[in-house]
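the following block contains a protein sequence and its predicted model.
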Amino acid sequence: MGQPLCLGRFPTTRVQSGRGDHWQHRDGSPRKVSRWTPDPKLGELARLAWTLRAQGKSYGEIQEATHGLLYSSKSCWPSFFANKTYLGIGKCGDLEIPDHHLTLVDQATWDAVQKIQAANPKHGKTSRSVNLWRVGSPSLLSGLAVCIHCGDALFYTHANTQEGRNFTWPYYLCGKKSRYGWRHCEARMINAAAAENNILDVVLNRILISDFIEELLAETKAQLSDTTLIDREIELLEKQIKDTQRAIQNLLDLAETYGAQAAGARLQAREAELAGYRADLRELKAKKATAQVEVSPEALAVALVVWRGQIEAVSQSGDIQVLPNLLFPRFITKVELGYDWARIWYSFPLDALAPGGIRGATATGSIMTAFMIEKKRTRQHLKSEPKGPSERNIQIYELHKAGKTARELAEQFGLSVSGIRCICWKLAEQAKS
């Protein structure tokens with residue numbers, strides 16, 4: 001939609017220039033030019049909209065106050081409040097002309113509205129990209145986790161599981177399943193509380209512990225003990241960057257001599273290549289820096305206390321807007337989530353602990369974990385199943401080794417097939433180690 005007709009052009013308005021026949025036709029009659037003037041009716045509604053927004057009113061309240069005469073959709077208001085035309089500025093491409101026409105809003109009201117707009121997480125200017133799913137439905141994993149079956153993004157929502165009662169059940173659902181139908185992905189609705197508690201438990205009790213980090217660092221340094229190949233790749237990338245920069249300069253000279261069309265497309269391609277080379281170079285240098293990091297046990301212990309304290313404090317406060325910023329991407333880079341199991345890609349910021357602050361040094365890996373989903377079970381099931389979770393898992397593993405299939409075990413213990421496979425895989429890995 002375009003802007004509302006709060007400013008209209010009236011071609012019959014005459015402008016006196018005092019420059020002789022420059023503003024006259026050959027027959028001596030005055031020339032008629034266009035001038036922006038406020039619309040008598042819609043102009044007042046536009047002023048009201050700006051005043052209400054400066055007071056902090058929502059788009060819905062402004063829509064109701066203006067009776068839908070300016071816009072029929074609330075989604076149009078962000079562009080309305082960003083338009084400098086209402087400040088009396090004329091625009092022609094990148095050119096802005098102050099005092100071009102009468103204003104509908106004063107500078108103080110404009111500044112107050114822009115401050116409110118800048119604080120909006122969807123339309124304001126922020127230092128990092130904003131996922132709109134996280135703004136509309138704030139949760140720990142919304143906009144960050146993907147389906148473990150198809151790789152599509154998960155979204156957070158809730159359902160009322162008990163009719164007639166004010167009770168909702170929050171869950172995550174595969175975006176592909178939601179868009180195209182339930183048959184397009186085998187994923188089920190995922191209990192949000194169980195999944196989020198499991199993710200936090202893994203971070204606090206499996207990743208952010210000194211023994212795990214020391215083993216991870218030792219393993220990472222052992223894998224990168226010989227950096228000869230990395231050095232060769234860095235040297236090759238640096239040469240490619242220099243060659244590409246030289247080619248870009250040649251193309252710029254060509255464009256200056258023969259016009260931008262002569263080298264425009266090729267220049268864009270070269271700039272894209274240069275950006276790719278620089279990204280690869282940063283990754284290789286960070287990889288090499290990881291092999292050179294020396295972290296003292298004392299510094300590691302202090303950092304873990306601080307990081308764990310921050311996460312636990314925010315988790316207990318229930319501030320769901322801040323908690324994801326502490327975890328992603330500092331400690332968790334990716335989460336694949338299923339009905340009762342997940343795979344977590346973690347990253348540990350070694351550069352924060354290294355003397356001198358070696359930039360980009362990180363240790364990475366992944367963890368597969370299973371979590372319990374509470375279900376209603378009959379008394380017969382409760383009597384036949386093992387008492388403790390660990391004993392049950394051992395029994396499942398032994399029965400699977402004896403020849404029972406995952407589907408048979410899932411029916412016997414009331415779990416999903418993927419959950420049975422995850423339990424058996426986990427115990428098999430423990431047996432190997």
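Right, received. Where do you want to start? Since we're looking at a predicted model, the values are computed, not measured.

next helix or strand past the longest helix along the chain?
In the chain, assigned by DSSP state H, the helix with the most residues is helix 228-258. Going down the chain from helix 228-258, the next helix or strand is helix 264-292, by DSSP states H and E.

tilt between that following helix and helix 228-258?
160 degrees (axes from the mean of the first three to the mean of the last three Cα atoms, to 10 degrees).

quick one: distance of helix 264-292 to the chain centre.
Here the centre of helix 264-292 is set off from its chain's centre by 23 Å, with Cα atoms, centre = their mean, to the nearest Å.

buried residues in it?
Residues of helix 264-292 classed as buried: 267, 270, 273-274, 277, 280-281, 284-291 (neighbour count, 16 or more other Cβ atoms under 10 Å). Quick note: C-beta positions are derived from backbone N, CA and C, even for glycine.

how about the helix or strand containing residue 412, which residues are buried there?
Per DSSP H and E, residue 412 falls inside helix 406-413. Across helix 406-413, burial judged by 16+ other Cβ under 10 Å covers 406, 409-410, 412-413.

between the buried residues of helix 264-292, which is closest to residue 43?
Lowest distance from residue 43 to the buried residues of helix 264-292 (Cβ to Cβ) belongs to residue 267, with 46.0 Å.

looks like the closest one contacts residue 252 (just checking).
Yes. Under the criterion of Cβ atoms under 8 Å, residue 267 makes contact with residue 252 at 7.2 Å.

for the buried residues of helix 406-413, could you give me TSV that also reports pLDDT and distance to residue 223?
Shown next, in TSV, are the buried residues of helix 406-413 (pLDDT from 0 to 100; distance: Cβ to Cβ, whole Å):
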residue	pLDDT	distance to residue 223
406	85	33
409	87	36
410	84	37
412	85	41
413	83	38
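
follow-up on the earlier one: tell me what the longest helix of the chain is packed against?
helix 264-292 (3 or more Cβ pairs under 8 Å, 6 or more residues apart in numbering; DSSP states H and E).

can you tell me what sits against the next helix or strand after the helix it packs on?
Downstream of helix 264-292, the next assigned helix or strand under DSSP H and E is helix 297-317. With Cβ atoms under 8 Å, 6 or more residues apart in numbering as the test, helix 297-317 has contacts from 200, 203-204, 208-210, 213-214, 322-323, 326-327, 331, 352-353.

PyMOL command for the buried members of those residues?
A single PyMOL command selects the buried members of the contacts of helix 297-317 (16+ other Cβ under 10 Å):
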select buried, resi 200+203+204+208+213+323+326+327+331+353
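
let me know the average pLDDT across the helix or strand hosting residue 170.
For residue 170, the host element (DSSP H and E) is strand 169-174. Averaged over strand 169-174, pLDDT sits at 90.

next structured bit after it?
Next element after strand 169-174 (DSSP H and E): helix 175-180.

what packs against that following helix?
Using 3+ Cβ pairs under 8 Å, 6+ apart: helix 175-180 touches strand 145-147, strand 154-159.

between helix 406-413 and whichever helix or strand comes after the helix holding residue 412, find me the angle.
With elements assigned by DSSP H and E, the helix or strand that comes after helix 406-413 is helix 417-432. Computed by the same axes, to 10 degrees, the angle separating helix 417-432 from helix 406-413 equals 100 degrees.

buried residues in helix 417-432, which are they?
Neighbour counts over helix 417-432 (16+ other Cβ under 10 Å) mark 417-424, 426-427 as buried.

what sits up against that helix?
Counting by Cβ under 8 Å, 6+ apart, 338-341, 368-370, 393-394, 396-397, 400, 406-407, 409-410, 413, 415 sit against helix 417-432.

just how off-centre is it within its chain?
What separates the centre of helix 417-432 from the centre of its chain is 32 Å, taken as Cα atoms, centre = their mean.

dump it to CSV, restricted to CA.
Taking C-alpha atoms only, helix 417-432 is exported to CSV below (Å, rounded to 0.1, in the frame of the first residue of the first chain):
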residue,chain,number,x,y,z
VAL,A,417,11.0,-46.2,18.5
SER,A,418,13.5,-43.3,18.2
GLY,A,419,13.7,-43.2,22.0
ILE,A,420,14.5,-46.9,22.2
ARG,A,421,17.2,-46.5,19.5
CYS,A,422,18.7,-43.5,21.4
ILE,A,423,18.9,-45.5,24.6
CYS,A,424,20.5,-48.4,23.0
TRP,A,425,23.0,-46.2,21.1
LYS,A,426,23.9,-44.4,24.3
LEU,A,427,24.5,-47.5,26.3
ALA,A,428,26.5,-49.1,23.4
GLU,A,429,28.8,-46.0,23.3
GLN,A,430,29.2,-46.3,27.1
ALA,A,431,30.1,-49.9,26.8
LYS,A,432,32.8,-49.1,24.1
